[in-house]
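Visitor: quick one: sequence and predicted model below, then my questions.
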Amino acid sequence: MIARSARWLALAALAALAGAAPSAAARLSAASAQTWSVDRGTTAILIEDHRAPLVEIRLMFPIGRWSSWAARAGRIDEAFALSLLDPGGALRARADRAGAEVALTTDARMSVLALGCRREALDSVVALARDVLANRDIDRSEIGRRNFESDLEWSAAEKNPQSMMSTHVRRILFQPQDPRRTPHEKQEHVSGDAKRLMALRDTLVRSTGRVIGLAGDLTRAEAETMARALLPPALDALPVPATPALPTPLPADRRPKDLTVKLARLTQTYLALARDAPALTDRDYPAFLVADHVLGGHFYSRLYVALRHGQGDTYATGTIREGEPATGAYAAWTYSRSANAAATEAKLRGVLRTFRDGGITEQERADAIGYLEGRRAFNVQAPGQVLDRILWERSRGLAAGYRDALIERAAALSVAEINEFVRRFYDPSRFTMIRVETR
Amino acid sequence: MRMHIVIASLTGLLASAGGALSAPPPGLIDRVLANGLAVTIAPDTSLPIVSTRVWYHVGAANETKDTRGFAHLFEHLMFSGTPTHEKGAWEAHHHRFGGIENAHTSWDETTYESDIPPAGIHDVLAMEADRMVNLRLDEAALENEKKIVTEELRATIENDPYDRMLVAALKSLCGDHPYAVTPLGTKEDIAAATLDQARAFYARYYRPRNAHLVIVGPVDGPATLAEVERAFGAIRAAGETPPDVPSLWGWRFPERIALKEDLPPAEVAVLVYPLPPPDSEDDVALSLMEEILGSSQVDPFREDLVRKRRQALEAGIQVLSLRRGGVLCFYSAVLPYRREAGQFDVMNETMRTLERKEWLTDARLAGAKRKMLRAIELQRYRAADLADALAKERWWRGDAALAFTRADRLAAISRADVARVFDRYVTNAKPVAVYIQPEKVPVMLQLFGWLLPLVMR
């Protein structure tokens, strides 16, 4: 094995040989972000990049599905998304004329209005962003239609083994109303009260801690002018605590050891060994990152070697890992033809047992760190990508670059330290076997 | 709607971005080596990743009727290693640098992809050249990959009702055309594949004359070309490109297709219009028409059926583009209470409103051009996107450099051009009518589904 420092020296020499000029990676990073305060409760972030005449806008509001306020208020994700849907389609038509991409999304911890356009259309896109967030005239018929559509999507998910595996991984871990579980269940219908929905949206838009994110071909002076006029004044305080209080996960002794789900007409059995995972902010997370990568994070991981390359039991295997700053779901999963299910299940259990008993090797540790370090270059290709990572971390109460720093912390761990975690975490008695098989 | 997602994912699998930048980068190298290997190198020092693509111009459409799935099976065998590079060395190299490697088999081509930080590019070229000529092919590898691709086939097209329906629809639509069977093929043909077949296929198609190597990223152009010459130049000039399969434009399609599947309780009606191959003179005007009709926030077909008239739960337009033609699909989904003829009547009414072309205004055309130009300019950020576009332009349209003139060609398209292609490929064409029904419908929906348009008001 080549020592890490020697390997990096070799890489640097090779890069020089390749004639590689200073790469975008050196210029584009979380550290290149310019940040300033727009008003009390609103921050602006700019990632300047003039390679292409393109601009990305992100208006981020730090309230997502995990917010306890959202849980009481109802489907804030839908309230937010409906903002674009005026009855005559005038807002959407403006987006089309500007040639802009527009999306309103809500994840666990934030809601984001994202727009992307050519620089020449920037003024009209900024005006559109303002009008979308101020729109009170939503198409009520869309509420009913989207409820129907959501029911049909759930009906389709119930027939898909991968979806059902994913749903049951959450069901064994979280209580029915836990927002870590509800996105994987049938969605409750949105209330038809448009007025109430828009009031929710207004509260969301005025939440403190919001960010105006800009990336691409514009200067600081242009960004400052733009940011000043984009949003209505913020509220005095967030309507919810910054850190959500999530329900306690179901205790390990209340989880089944085995769970079998039956679906019609399957020719394969899907298998998942599932348990709870450490939070992104847990002190064990760097060790978890490395261990999980060795177990199932690449094409020659322990799972792939045992289940695919060895005897062709499966086409795909891997792990489910969520990476949020709260206890999440974790599962090692695969599938195989129905007649081979028992043998594959035994192998899946065997991989986990061997992993726990033997831990990872020094070579595996070094390769995993090389991979994780190298991957960072993929996250800094486009300015919008850098901005999105900053917003994601900020919405979780994390410093910009937190996940990159995690890799550095992981790189500092010895194989013995990682294996101490492996022995604790990969205890087979802590895992539930979930099977999705043919009825 | 899942229908939308499934078709979108299918098209996404097959087609990469449609164009590239508005001017060629100064150091662009585009040439054919003495042994027939086409090489395109687009240096760009602002990129953090080097993307390499090797496109072999053979795919599932070139299979015979009893070898369905063979091109894809062979794609898997390309990862079997060589005497110099053991099985797994390719993946280990990428893993060490945090890189990404993958491969895809479509009907028209088989593509090998590497995205890696610059320090890793040298070995990528050496290993790609090595497996072009020294691949280790043995029974054990073949038998294991047969099992693996059969599991892939089960997972991808057997165990989800939408996937089963799409496979059946494609078969019914294309009949004897080579595009009728998905690249995953059939279990029977995969089981019957032999090592002799694999060796013959490799010798015939996986050689320089049937390949295109593309490199995009922070590399020195001349130095990289010299390295390509060293790695690939010694490979004997060999290989052949299979003859073109028939175009879908002009293919004889059935008039009507009816399918039943274990789907959620919605009936889907689809009007399918054939499209010409991408090297057609109408290509750019068609792409603008597809952008306005199928990728807009206000998709006029959906807007009329779903939003204005409330005659469908969902509706939209999807395009499947392949090298020898494509299809433009107008679909609508309703709860199962209306008769098939009624659903097509409702759709045809909307088609007649589209024929008036009120959707085709100067402002809308300008917006569509702006959006497509943005998609082209986004390729400045990602080496992979430009590499895919260069490889595709050469194989699908005959010249990699077309990737750099697409913006100008878009600018030259007028409203009259878009109106003309709409008339030619939609108004004056006869579509295939496809009707897809769920096997089971809850009684309540059968009785009261007709209330939906009222509920949606």
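Guide: Thanks, I have the structure now.
Visitor: which non-adjacent residue is nearest residue B:290?
Guide: Nearest non-adjacent residue to residue B:290, counting by C-beta to C-beta, 6 or more residues apart in numbering or on different chains: residue B:319, 5.1 Å away. For the C-beta atoms, the positions are set from N, CA and C on the backbone; glycine is no exception.
Visitor: the strands in the chain, which residues?
Guide: Looking at chain A here, since you left the chain open. A:34-39, A:42-48, A:54-61, A:101-106, A:111-118, A:210-216, A:258-263, A:268-277, A:317-321, A:328-337, A:432-438 (DSSP state E).
Visitor: please refer instead to chain B.
Guide: Remark: strands assigned in chain B by DSSP E are B:29-32, B:38-43, B:50-56, B:100-105, B:110-116, B:211-217, B:256-261, B:267-275, B:314-322, B:325-334, B:432-438.
Visitor: reformat those as TSV; add mean pLDDT.
Guide: Output for those, formatted as TSV (pLDDT from 0 to 100):
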stretch	mean pLDDT
strand B:29-32	97
strand B:38-43	98
strand B:50-56	98
strand B:100-105	97
strand B:110-116	98
strand B:211-217	98
strand B:256-261	95
strand B:267-275	97
strand B:314-322	96
strand B:325-334	96
strand B:432-438	95
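Visitor: columns mean neighbour count and distance to residue A:331 on top of these, output as a markdown table?
Guide: Converted to a markdown table, the strands of chain B look like this (neighbours: other C-beta atoms under 10 Å in any protein chain shown; distance: least, C-beta to C-beta, whole Å):
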| stretch | mean neighbour count | distance to residue A:331 |
| --- | --- | --- |
| strand B:29-32 | 14 | 47 |
| strand B:38-43 | 24 | 41 |
| strand B:50-56 | 26 | 32 |
| strand B:100-105 | 18 | 23 |
| strand B:110-116 | 24 | 28 |
| strand B:211-217 | 27 | 36 |
| strand B:256-261 | 15 | 29 |
| strand B:267-275 | 23 | 33 |
| strand B:314-322 | 22 | 32 |
| strand B:325-334 | 24 | 33 |
| strand B:432-438 | 20 | 31 |
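Visitor: residue A:313: which of these is closest?
Guide: Between residue A:313 and the strands of chain B, the tightest spacing by C-beta to C-beta is seen for strand B:100-105, at 20.9 Å.
Visitor: helices or strands up against that closest one?
Guide: helix B:70-77, helix B:89-97, strand B:110-116 (3 or more C-beta pairs under 8 Å, 6 or more residues apart in numbering or on different chains; DSSP states H and E).
Visitor: who touches that strand?
Guide: A:299, A:378, B:13, B:59-60, B:71-72, B:75, B:78-79, B:90-91, B:94, B:110-116, B:183 (C-beta atoms under 8 Å, 6 or more residues apart in numbering or on different chains).
Visitor: run a quick neighbour tally on the residue in chain A that chain B sits nearest to.
Guide: In chain A, no residue comes nearer to chain B than residue A:374, which is 1.9 Å away by C-beta to the nearest C-beta. Taking other C-beta atoms under 10 Å in any protein chain shown as the neighbour definition, residue A:374 ends up with a count of 22.
Visitor: OK, contacts around it?
Guide: Applying C-beta under 8 Å, 6+ apart, the residues near residue A:374 are B:96, B:97, B:98, B:99, B:116, B:117, B:120.
Visitor: could you pick out which of those are near chain A?
Guide: B:96, B:97, B:98, B:99, B:116, B:117, B:120 (C-beta under 8 Å from any C-beta of the partner chain).
Visitor: if we can go back for a sec, against residue B:399, how distant is the residue nearest to residue B:290?
Guide: 22 Å (C-beta to C-beta, to the nearest Å).
Visitor: what does residue B:374 give?
Guide: 23 Å.
Visitor: neighbour count: those two, which is higher?
Guide: residue B:374 (21 against 14).
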